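Peer 1: Sequence first, predicted model second:
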There are 2 protein chains.
Amino acid sequence: MNGRPTLKDVAREAGVHVSTASRALNPATSSVVNPETLKRVVEAAERLGYRPHPLARGLRTNQTMSIGMVIPDVENPLFGPIVAGAESVLVEDGYSLLIGNADRGVEHAEAVIEDMIERHVDGLILATATRDDGQMAMAGSQGIPIVLVNRTVDKGDVPAIVGDDHAGIALAVDHLVSLGHRRIGHVAGPSWVSTGIGRRDAFVAAMERHGLDAGPDVIEEAEWYQVEPGANASAALLDRHPDMTAIVAANDLLALGCYRTIRSLGKEVGPDISVTGYNDIPLLDLMQPPMTAVRVPHRQMGAEAASTLLAMIAGTEYHKGTKLLTPTLVVRGSTAPPRSAV
Amino acid sequence: MNGRPTLKDVAREAGVHVSTASRALNPATSSVVNPETLKRVVEAAERLGYRPHPLARGLRTNQTMSIGMVIPDVENPLFGPIVAGAESVLVEDGYSLLIGNADRGVEHAEAVIEDMIERHVDGLILATATRDDGQMAMAGSQGIPIVLVNRTVDKGDVPAIVGDDHAGIALAVDHLVSLGHRRIGHVAGPSWVSTGIGRRDAFVAAMERHGLDAGPDVIEEAEWYQVEPGANASAALLDRHPDMTAIVAANDLLALGCYRTIRSLGKEVGPDISVTGYNDIPLLDLMQPPMTAVRVPHRQMGAEAASTLLAMIAGTEYHKGTKLLTPTLVVRGSTAPPRSAV
DNA sequence: CCCGTCGACGCAATCGTTTGTAGTATCGTG
DNA sequence: CACGATACTACAAACGATTGCGTCGACGGG
């Protein structure tokens, strides 16, 4: 009467037992019910505006049709597209997205994950995995499917969707080299996140491929992916190597930190010292100068993470191990031939 | 054995009936159970690592301990802080956040809301309300609590948490006037969102308070809160009034559009034409010139929205109607005295 | 004509809680 | 000593769906 109609109401309206109504309304079992009664049930359901109660169904079938997504820092614009991408494919299949913010803290992240497991999410998308995998052990032991996004773990048995950092950094280095740069430095991300070491290794590899110096002293690690640490790291770098003509940053914000350092040295970003960013977050094209950056397909990343997760849940074939998404280079004004080469 | 322990397991372990166990574990009813048996039950629960099954509980008590949040565009960095603020207070009370992306489309937003209602969320936070309130009618009729955030509706019976646009725009206008500007224009947001007309009205009011011209021709409406429309609108404005010395934009991205227009006219942002933004999204301080903008406390906005929603759910007192959060002005390099005044 | 088969449906248990009510000691009181 | 109040606790019915199994009639073959 008052609340939403239940299956019992539909059954009564159609003159059948609730079990028959249930079977009729369930696509998987509707074949066992007589076509004519099926029609009656469906019409009754339609007429009453029946919607199955997700909790009741979930209690019985042991699934919530919801998947959890844990993010290290919701305020980071980087994650907007990832969330959007995931959400868009999940709704398609009737799933909902539960968002958890981890506020940068590893311990808090574990609490968030635990919370989601208790809520019986059907799957987990983690953007927070640090290189050790305490979190995954937790969830994995519960037998709940997990996909990593934008991060990987050392033990590569968990499906992960990440940008191809090797290719991305190579794009940046190749671009700089082709402009004539030889003395190139790297502002690395923290070594305890996978992108930090990944991009650092990629930088070394790319440099060596060109026969250029990639010793430890042309690399400086920033404490965290933020402007300030980027400024500090680049300052250290340029202090050691005043003749450096280009910097490959492991992250856009770090690159913006480089901007600041370079300016404070009285030099000009681009003509004097080239800088490349990584990720290509919004508004980079409006900086002065507009920043050349490696663009990572974040939305696609979220989408692919979601669909492999759905595949895992459905038990169908899915891409095991880490899947690399190929980035592109967006050339703007922050890179130019070195003065010496002109 | 295999799965998580149920209440029945706890009861058996403690040697009591499941109903007793239930009452013991529920803070609200634990007073009716003998202190000693209570202890036994609690210890048994502890030992087994018992966690109540949210679906079973929800089925019985008719609440999901989850609240839905609908966002017009997840990729807009504006909403990160709002989400973060809401999430932080919700987890505090054991609620989870269900995120829905509305992709800018009104019809899609309604589908998302409907979806959440079917999922029996305990409350809804809407950032998508357009000025007419078809959406709210839907949800309101279901008797589910709703709070609006960053947007209001014309009929003000729904609690809403918004920035005080009147005060914010006044901050910007006063600042410009005190710098010596007299011919000030406004790039308005779309008139079908509440912030669009609200800020426009506020602009007119602030200008008239200073005895300045605020006729329709010094105002140009942008089609959408994006850089491109902002560039177009400001171009139209400066075309009509070449002598204009300052522009108050209804949004940061619109203001960045103004930057573009001003540069393409061969002028300099700040010295030639001052520009103010609205919201103060990240990275604005790194633009050239750094943008003066009205800062809206978005994180607080999300937090307050969440707590009033919780109050509504709990049935306790809450601030009805729209609550205004006072903004501040962050002065940077995009505003300066007009050339003529120097 | 009887019996096995099969298609279509109803019955009832079940998922894990919460909660109204009934029951049973224990105690105080007249 | 009996009787009602008191304080716990057990029983069982929900909440709304899914699902193994039993039932029932029709039908066909021997």
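Peer 2: That came in fine, so what should we check first? Residues are numbered from 1 along each chain as shown, chains lettered A, B, ... in the order given.

Peer 1: what's the helix or strand for residue A:253?
Peer 2: According to DSSP states H and E, residue A:253 maps onto helix A:252-264.

Peer 1: Any part of that helix near chain B?
Peer 2: Yes: applying CB under 8 Å from any CB of the partner chain, one finds helix A:252-264 in contact with chain B at A:256, A:259, A:260. C-betas here are computed from N, CA, C, even on glycine.

Peer 1: tally of neighbours for the first one?
Peer 2: The tally of other residues near residue A:256 (other CB atoms under 10 Å in any protein chain shown) stands at 26.

Peer 1: Show the contacting residues for it.
Peer 2: A:227, A:230, A:277, A:287, A:291, B:283, B:286 (CB atoms under 8 Å, 6 or more residues apart in numbering or on different chains).

Peer 1: Next: residue A:217.
Peer 2: A:240, A:241.

Peer 1: Give me the below-cutoff pLDDT ranges for chain A.
Peer 2: Applying pLDDT under 70 to chain A picks out residues A:1-2, A:104-106, A:129-142, A:154-156, A:340-342.

Peer 1: All the helices of the stretch 1-150 of chain A, in order from the start?
Peer 2: A:7-14, A:18-25, A:35-48, A:54-61, A:79-92, A:106-118, A:134-141 (DSSP state H, counting those that start in this stretch).

Peer 1: Near DNA strand C, which residues of the stretch 51-200 of chain A? Just list them.
Peer 2: Applying CB under 7 Å from any atom of the strand, one finds that the stretch 51-200 of chain A approaches DNA strand C through A:56, A:59, A:60.

Peer 1: can you redo the residues you listed as a markdown table with distance to DNA strand D and neighbour count?
Peer 2: Below are those laid out as a markdown table (distance: CB to the nearest atom of the strand, whole Å; neighbours: other CB atoms under 10 Å in any protein chain shown):
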| residue | distance to DNA strand D | neighbour count |
| --- | --- | --- |
| A:56 | 3 | 15 |
| A:59 | 4 | 20 |
| A:60 | 4 | 11 |
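
Peer 1: Of those residues, which is the nearest to residue B:87?
Peer 2: residue A:59 (26.1 Å; CB to CB).

Peer 1: quick one: the closest one and residue B:317, what's the gap?
Peer 2: Distance from residue A:59 to residue B:317, counting by CB to CB, to the nearest Å: 35 Å.

Peer 1: and if you look at residue A:319?
Peer 2: Distance from residue A:319 to residue B:317, by CB to CB: 53 Å.

Peer 1: So for the two, which residue has more residues nearby?
Peer 2: residue A:319 (13 against 9).

Peer 1: Provide a list of residues in contact with that one.
Peer 2: Here residue A:319 is in contact with A:159, A:308 (CB under 8 Å, 6+ apart).

Peer 1: you'd agree it is in a helix?
Peer 2: No: per DSSP: H, G, I helix; E, B strand; the rest coil, residue A:319 lies outside any helix segment and is coil.

Peer 1: Could you check how far it is from chain B?
Peer 2: Relative to chain B, residue A:319 is positioned 25 Å away (CB to the nearest CB, to the nearest Å).

Peer 1: What's the separation between that residue and residue A:198?
Peer 2: Taking CB to CB, one finds residue A:319 at 19 Å from residue A:198.

Peer 1: could you show me where the strands are in the stretch 201-342 of chain A, in order?
Peer 2: A:219-221, A:246-249, A:274-279, A:292-295, A:322-325, A:328-330 (DSSP state E, counting those that start in this stretch).

Peer 1: returning to that earlier point: quick one: buried residues of the helix holding residue A:253?
Peer 2: A:252, A:253, A:254, A:255, A:256, A:257, A:258, A:259, A:260, A:261, A:262 (16 or more other CB atoms under 10 Å in any protein chain shown).

Peer 1: got it, and stretch A:181-197?
Peer 2: So stretch A:181-197, judged by 16+ other CB under 10 Å, has buried residues A:181-182, A:184-190, A:193-197.

Peer 1: That stretch: how far from the chain's middle?
Peer 2: Centroid separation for stretch A:181-197 versus its chain: 19 Å, with CA atoms, centre = their mean, to the nearest Å.

Peer 1: got the end-to-end distance for it?
Peer 2: Length of stretch A:181-197, first residue to last, CA to CA, to the nearest Å: 23 Å.

Peer 1: Equivalent analysis for stretch A:69-87, please.
Peer 2: Taking CA to CA as the measure, stretch A:69-87 stretches 10 Å from start to finish.

Peer 1: I'd say residue A:200 and residue A:187 touch.
Peer 2: No: between residue A:200 and residue A:187 no contact is recorded; they are 9.8 Å apart, counting by CB atoms under 8 Å.

Peer 1: intersection of neighbour lists for the two?
Peer 2: Contacts common to residue A:200 and residue A:187, judged by CB under 8 Å, 6+ apart, are A:221, A:250.

Peer 1: isn't residue A:289 right up against residue A:271?
Peer 2: No: counting by CB under 8 Å, residue A:289 does not reach residue A:271; the two are 9.1 Å apart.

Peer 1: Mutual contacts of those two, please.
Peer 2: Contacts common to residue A:289 and residue A:271, judged by CB under 8 Å, 6+ apart, are absent.

Peer 1: In JSON lines: the contacts of residue A:256, plus distance to residue B:328 and neighbour count.
Peer 2: Formatted as JSON lines, the contacts of residue A:256 follow (distance: CB to CB, whole Å; neighbours: other CB atoms under 10 Å in any protein chain shown):
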{"residue": "A:227", "distance to residue B:328": "21", "neighbour count": "22"}
{"residue": "A:230", "distance to residue B:328": "27", "neighbour count": "32"}
{"residue": "A:277", "distance to residue B:328": "30", "neighbour count": "29"}
{"residue": "A:287", "distance to residue B:328": "24", "neighbour count": "22"}
{"residue": "A:291", "distance to residue B:328": "29", "neighbour count": "29"}
{"residue": "B:283", "distance to residue B:328": "18", "neighbour count": "21"}
{"residue": "B:286", "distance to residue B:328": "19", "neighbour count": "19"}
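
Peer 1: from these, which is closest to DNA strand D?
Peer 2: residue B:283 (47.9 Å; CB to the nearest atom of the strand).

Peer 1: which ones are touching the closest one?
Peer 2: Applying CB under 8 Å, 6+ apart to residue B:283 gives the contacts A:256, A:283, A:287.

Peer 1: what are the phi and psi angles of it?
Peer 2: phi 80, psi -10 (degrees, to the nearest 10).

Peer 1: separation between residue A:314 and residue B:308?
Peer 2: 40 Å.

Peer 1: These two: who's more crowded?
Peer 2: Higher neighbour count among residue A:314 and residue B:308: residue B:308, with 23 against 11, using other CB under 10 Å.

Peer 1: Around the residue lying closest to the more buried one once chain neighbours are set aside, how many other residues sit close by?
Peer 2: In space, and not counting its chain neighbours, residue B:308 is closest to residue B:318: 4.7 Å by CB to CB, 6 or more residues apart in numbering or on different chains. Residue B:318: 17 surrounding residues under other CB under 10 Å.

Peer 1: Same question for the one 4 residues further on.
Peer 2: The criterion is other CB under 10 Å. On that basis, residue B:322 has 17 neighbouring residues.

Peer 1: Is it in contact with residue B:164, as I believe?
Peer 2: No: Residue B:322 lies out of contact with residue B:164 (CB under 8 Å); the separation is 9.8 Å.

Peer 1: ok, the residue in chain A that chain B sits nearest to - contacts?
Peer 2: The minimum distance from chain A to chain B, using CB to the nearest CB, falls at residue A:288 (3.2 Å). Taking CB under 8 Å, 6+ apart, we find residue A:288 in contact with B:287, B:288.

Peer 1: Check the gap between it and DNA strand D for me.
Peer 2: Distance from residue A:288 to DNA strand D, counting by CB to the nearest atom of the strand, to the nearest Å: 58 Å.
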